[in-house]
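Asks: next comes the sequence, and after it the predicted model I'd like to discuss.
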Amino acid sequence: MSKIVEKTNNILREKLTIAVKSAIEAGDLPEAEIPQFNIEVPANKDNGDYSSNIAMAGARVFRKAPVMIADAIVKHIDLSDTLFERAEIAGPGFLNFFLSQSYYSEILKDVFACGDDYGRSDYGQGKRVLVEFVSANPTGPMHIGNARGGAIGDCLAAVLDRAGFEVGREFYVNDAGNQIEKFATSLEVRYLQHFDSSVEMPEDAYQGADITDHAEAFIEEYGDKFVSSSSEERRKALVDFALPKNIAGLERDLGRYRITYDNWFKESTLHNDGSVEKIINIFKEKGVTYEQDGALWFKASEFGNDKDIVLVRANGIPTYIVPDIAYHYNKLEVRKFDKAIDVLGADHHGYVPRMKAALTALGLDAGRLDAVIMQMVRLVRDGETIKLSKRSGKAITLNTLIDEVPLDAARFFFNLREPNSHFDFDLELAAKESSENPVYYVQYAHARICSIIKKAKEQGAEIRIPTDEELLLLTSKEEKELIRHLSALTGEIVTAAKAYDPAKITHYVIELATLFHKFYNAQRVMVDDEGLMNARLYLCTAVKNTIKNILTMLKITTPEVM
């Protein structure tokens, strides 16, 4: 909520408390402890701008009918020094409060006073949060699920930042373990096949064209130098050659997607600095392991997981879960982040309870780890599901997606639904320049306001800060709805941060654009009354600035002409 909204809420709560105390002192209510009560914003504005259940909540302690309690409160409440105009009793005893026109003026002043920071709050002040997202396997290109995860993770980090948290963005590079062994095998086979076509590729190896491309590039540089080398030496040389290129490609492609990370954390560092071994030793020291069939097991079932987990195989090699545990231990215990948020695909659903069980066993508060579970994306064109790129005829990757649709649309569309919902991405709609396309619709509102202001200047209008009297002229239903929606931005950002759901912000800005278009169609801006015209231009500018703040936060452009 804006500063004015927060201040208004606090004042109303204070005034209600004082009114009850005054009613008790006057003998209109019996002596009793003031009950807990709520203050809400009614959906139907005919029921006021705010309402409270204080009279209903007090029925038991005051032993009176809610309507009688409400009468006593209204009799003693003093709204003279507030932005409230009046209080009314409704139904069985609800108290409804109506804001004065000055409230709407104060909201607009607040928008301009805060400038680029309008919408920010100190909700998360002092809390450090690490958002890990995408973390795609570096052995191949990023797929469409990574495109959704990237947009959600990056925008979630932006929302958390606006809500006052100190936020870090991180990519976890799986540059060790089974997938790297498979990567090495695939590269080795493609390398050897160049010199001997009888060498067969295992069925479970990576079959993509990128593997062949890496092998050919390696041959261009080293020729047959490694054909006669040991397999171990050859595989290491191939991985050392290809993996950095893949990681650089991930960074380049994500940069193109407007995602920049604060840190690229390599799994290999956890093996090299002893962190993986340390985790195993801590588990042993805490007595939460046992041996069975030569393997070391973690008693995860004693810490909320559905079954125990193998930590070290019989051959002495740790399972993939150990470096992952070490990584989360590093986030929370070594680097001391207050919260670690993982943006994960739906196929990782069982991963979360396993990780929380491990953290609990290590003596950490597992509540400091949160996961955003993201459902699959279905790409749609002409109402039909597609899997291939129209241009290349290959599976659609992050790169081919942003070749096919505008980047603004990609980032906006992936945040149109809460992460845990299945999502149909309409490729045709994303490329449309019409009001059917939600991001175009929002950007058009911004451009339309820029046009209004430009035309006003061309017509000789003196655009200035309105007087208090001029701002009081913004009395139409459409103007009040628009200002009321502006006032809700900060609260909406906090709500989105609490829910880990950036879609709440895209919904907010779509509604803001809708309310602006509704206002513009109902009320002329360039009117003969100079004071009213100036106030409406001020309102238009407040909406423009707020749209820009939101789209900039989401790393989406704000064109001035469309």
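Replies: That came through, no problem. Numbering: from 1, shown residues only.
Asks: and V439, what is it in contact with?
Replies: Shown here is V439, whose contacts under the criterion Cβ atoms under 8 Å, 6 or more residues apart in numbering are P406, D408, A409, F412, F413, A430, I556. Just so you know, the C-beta spots here come from the backbone N, C-alpha and C atoms, and that holds for glycine as well.
Asks: chain neighbours aside, what residue packs nearest to the second one?
Replies: The one in question is D408. I556 (4.7 Å; Cβ to Cβ, 6 or more residues apart in numbering).
Asks: I'd guessed the one you found sits against F412; true?
Replies: Yes. Counting by Cβ atoms under 8 Å, I556 touches F412, with 5.8 Å between them.
Asks: can you get me a residue count around the closest residue in space to L398 that isn't next to it in sequence?
Replies: Residue nearest to L398 in three dimensions, not counting chain neighbours: M142, with 4.1 Å by Cβ to Cβ, 6+ apart. Here the count is done by other Cβ atoms under 10 Å, and M142 has 22 residues near it.
Asks: quick one: M142 and F133 touch, right?
Replies: No. With contact defined as Cβ under 8 Å, M142 does not count as touching F133 (11.8 Å).
Asks: what sits in contact with each of these two?
Replies: Between them, M142 and F133 share these contacting residues under Cβ under 8 Å, 6+ apart: G150.
Asks: elements contacting the longest helix along the chain?
Replies: Across the chain, the longest stretch assigned as helix under DSSP state H is helix 231-256. Helix 231-256 sits against strand 166-173, helix 178-195, helix 209-222, helix 398-404, with contacts defined as 3 or more Cβ pairs under 8 Å, 6 or more residues apart in numbering; DSSP states H and E.
Asks: chain center to it, what's the gap?
Replies: With Cα atoms, centre = their mean, to the nearest Å as the basis, helix 231-256 stands 30 Å off its chain's centre.
Asks: what do you get for stretch 362-370?
Replies: 21 Å.
Asks: how about stretch 430-449?
Replies: Worked out by Cα atoms, centre = their mean, stretch 430-449 lies 22 Å from the chain centre.
Asks: can you give me the end-to-end distance of it?
Replies: 23 Å (Cα to Cα, to the nearest Å).
Asks: related to what we said a few turns ago, quick check: phi and psi at the residue nearest to L398.
Replies: Dihedral pair for M142: phi -80, psi 140, per degrees, to the nearest 10.
Asks: show me the contacts for it.
Replies: Neighbour list for M142: V134, A136, G150, L250, D253, L254, T397, L398, N399 [criterion: Cβ under 8 Å, 6+ apart].
Asks: and those as JSON lines, adding distance to V227, pLDDT and neighbour count?
Replies: Listed next are the contacts of M142 as JSON lines, based on distance: Cβ to Cβ, whole Å; pLDDT from 0 to 100; neighbours: other Cβ atoms under 10 Å:
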{"residue": "V134", "distance to V227": "36", "pLDDT": "96", "neighbour count": "26"}
{"residue": "A136", "distance to V227": "32", "pLDDT": "91", "neighbour count": "23"}
{"residue": "G150", "distance to V227": "39", "pLDDT": "97", "neighbour count": "25"}
{"residue": "L250", "distance to V227": "30", "pLDDT": "94", "neighbour count": "24"}
{"residue": "D253", "distance to V227": "32", "pLDDT": "95", "neighbour count": "20"}
{"residue": "L254", "distance to V227": "36", "pLDDT": "96", "neighbour count": "22"}
{"residue": "T397", "distance to V227": "32", "pLDDT": "88", "neighbour count": "19"}
{"residue": "L398", "distance to V227": "35", "pLDDT": "91", "neighbour count": "26"}
{"residue": "N399", "distance to V227": "33", "pLDDT": "90", "neighbour count": "18"}
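Asks: what is the nearest of the residues you listed to K15?
Replies: Using Cβ to Cβ, G150 comes nearest to K15 of the contacts of M142, at 47.2 Å.
Asks: check the gap between the closest one and V111 for me.
Replies: 31 Å (Cβ to Cβ, to the nearest Å).
Asks: with F413 instead?
Replies: 28 Å.
Asks: could you do I73 as well?
Replies: Distance from I73 to V111, by Cβ to Cβ: 33 Å.
Asks: cool, and G149?
Replies: From G149 to V111 the distance is 33 Å (Cβ to Cβ).
Asks: picking that back up, check contacts around the residue nearest to D408.
Replies: Counted by Cβ under 8 Å, 6+ apart, I556 has contacts D408, R411, F412, V439, Q443.
Asks: dihedrals phi and psi, L474?
Replies: phi -80, psi 80.
Asks: so what's the residue count around it?
Replies: Neighbours around L474, by other Cβ under 10 Å: 23.
Asks: separation between the residue lying closest to it once chain neighbours are set aside and I396?
Replies: Once flanking residues are discounted, L474 sits nearest to A535: 5.3 Å by Cβ to Cβ, 6+ apart. In this view, A535 and I396 are 49 Å apart by Cβ to Cβ.
Asks: could you say which helix or strand holds F265?
Replies: Using DSSP states H and E, F265 falls within strand 263-266.
Asks: show me what that strand is packed against.
Replies: strand 166-173.
Asks: pLDDT averaged over the strand it packs on - what is it?
Replies: Averaged across strand 166-173, pLDDT comes to 98.
Asks: who does that strand touch, helix- and strand-wise?
Replies: Packed against strand 166-173, as judged by 3+ Cβ pairs under 8 Å, 6+ apart, are the following elements: strand 128-132, helix 144-162, helix 231-256, strand 263-266.
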